[in-house]
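**Q** The sequence isn't on hand, but the structure is:
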């Protein structure tokens, strides 16, 4: 659910205990305030000023801070103050939409059981290698809270169920349409197919310039190391936001023409946009690429041995290059996996066995190398001063079979999702139009 590589920074007023600085002694009081002041009225520190009130339901500044912290953490904390302020406005808009979705679901007698939310939250924690209790503490140290993620989970589940009840039953996909796609797939065998991620931002003629600028800022943050997945979850208005914007495998003919033109010129790992579409803008990310109904060598499953040597603290780049060269000379003597352990012992390298590794799941620079490697051969050394140097020895390979066409049911589900998504955007637009929203 929240692959979110996500978490946050506990913002001021998030509810945690904090030490209070002592008041300065009278001689340090530069405001000349008398010591025996009388307070007229009182302020409750537990009451937080609302940032917005949506149909009577309050969103506080703390709510915004904690959700913003998820994005900041997902980007390794590398977000400028100026960018944070821009993101804060977008987060508020997202929280308003989320509130409207939950309210509409409740108005239709749809509620999400707390136990189900807790189960989903536990899965998120597990993705981070933590128990729910440990994840609670981690979120606090990062400036967010479990309540912020649980609220997002509730919004996603409630909106999904509402769409299944009020929208999906009225979406029809004909069997002829599905069969037509299957026929075109077979005719297109060997053509390029793309796994695409998308962040969709709706816009009107009045705010198009602002939304386009927001999209450019998001692209810049992602290019500087931000998580596309996290930005898609927080900002995309498409139904694929819940899966990090992943559209799955598509051919260019299945995409809107504007996106197809952009994708055709892109390489794996590239991001493009903002692409102008009817009703908004899209940011496009090519996650992967393959041939339609054709086996891809990168789907081969490998059995590997990894030999690694860690550099001592303080090692310079020049020293690391010398050691890497020595490591390379030693590993060239490897003659199959049977000798790998012996060579590793001679040079003091650690050995780790890795089975069931798909070439496609390895870093891009290694994919071509491993694709062309023969059983028993070792890769060239790779690594860094920080991580040390390592080689991979190929012990076995299971080559892929020809890829089969997606099933009739899979294609029908994809078409239904696309049409539900379009109606969902209209549904949410109407909720915004009819809502009573007070800003502070």
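**A** Now that the structure is in, tell me what you want to look at. Only a predicted model underlies this, so the values are computations on that prediction, with no experimental measurement involved. Numbering: from 1, shown residues only.
**Q** Number of residues surrounding residue 89?
**A** Burial measure for residue 89: 12 neighbouring residues, criterion other C-beta atoms under 10 Å. From N, CA and C alone the C-beta is placed, and that goes for glycine too.
**Q** Wait, a strand at it?
**A** No - assignment of residue 89 by DSSP: H, G, I helix; E, B strand; the rest coil gives helix, placing it outside any strand.
**Q** Look up how far residue 83 lies from it.
**A** Distance of residue 89 to residue 83, computed by C-beta to C-beta, to the nearest Å: 11 Å.
**Q** what does residue 123 give?
**A** Here the criterion is C-beta to C-beta. By it, residue 123 lies 30 Å from residue 83.
**Q** Show me what counts as buried in stretch 288-303.
**A** Of the residues in stretch 288-303, those buried by neighbour count under the rule 16 or more other C-beta atoms under 10 Å are 289-290, 292-293, 296-303.
**Q** What lies in contact with that stretch?
**A** Outside stretch 288-303, the residues that touch it by C-beta atoms under 8 Å, 6 or more residues apart in numbering are 185-186, 188-195, 249, 251, 267-268, 353-360, 367, 370-371, 394-405.
**Q** Please repeat the previous calculation with a cut-off of 6 Å.
**A** When contacts are defined by C-beta atoms under 6 Å, 6 or more residues apart in numbering, stretch 288-303 is touched by residues 188-191, 193-195, 268, 355-360, 367, 371, 395-400, 402-403, 405.
**Q** can you check stretch 174-188 too?
**A** Applying C-beta under 6 Å, 6+ apart, the external contacts of stretch 174-188 come out as 292, 405, 408, 411-412.
**Q** Show me the strands in the stretch 301-440 of the chain, by range?
**A** Taking DSSP state E, counting those that start in this stretch as the test, the strands found in the stretch 301-440 of the chain are 301-309, 350-358, 382-384, 388-398, 437-439.
**Q** which non-adjacent residue is nearest residue 121?
**A** In space, not counting the residues next to it along the chain, residue 121 is nearest to residue 150; the distance is 5.6 Å by C-beta to C-beta, 6 or more residues apart in numbering.
**Q** Single out whichever of the buried residues of stretch 288-303 has the smallest pLDDT.
**A** Confidence by pLDDT is poorest for residue 293 among those, given 68.
**Q** Quick one: residues contacting residue 105.
**A** Taking C-beta under 6 Å, 6+ apart as the contact definition, residue 105 lies against 158, 162.
**Q** does residue 94 sit in a helix, a strand or a coil?
**A** helix.
**Q** Neighbours of it, how many?
**A** Other residues within reach of residue 94, judged by other C-beta under 10 Å, total 21.
**Q** Against residue 240, how distant is it?
**A** Going from residue 94 to residue 240 by C-beta to C-beta gives 15 Å.
**Q** now residue 106
**A** Applying C-beta to C-beta, the value for residue 106 to residue 240 is 25 Å.
**Q** Look at those two and report which has more neighbours.
**A** In this view residue 106 and residue 240 are compared by other C-beta under 10 Å, and residue 240 has more residues nearby, 21 against 13.
**Q** Double-check the residue nearest to residue 121 against residue 118; I have them as touching.
**A** No - the pair residue 150 and residue 118 fails to qualify as a contact (C-beta atoms under 6 Å) at a distance of 7.8 Å.
**Q** out of these two, which sits in the busier spot?
**A** For residue 150 versus residue 118, neighbours defined as other C-beta under 10 Å are more numerous around residue 150 (17 against 14).
**Q** Need the phi and psi values for that one.
**A** The phi and psi torsions at residue 150 (degrees, to the nearest 10) take the values phi -60, psi -30.
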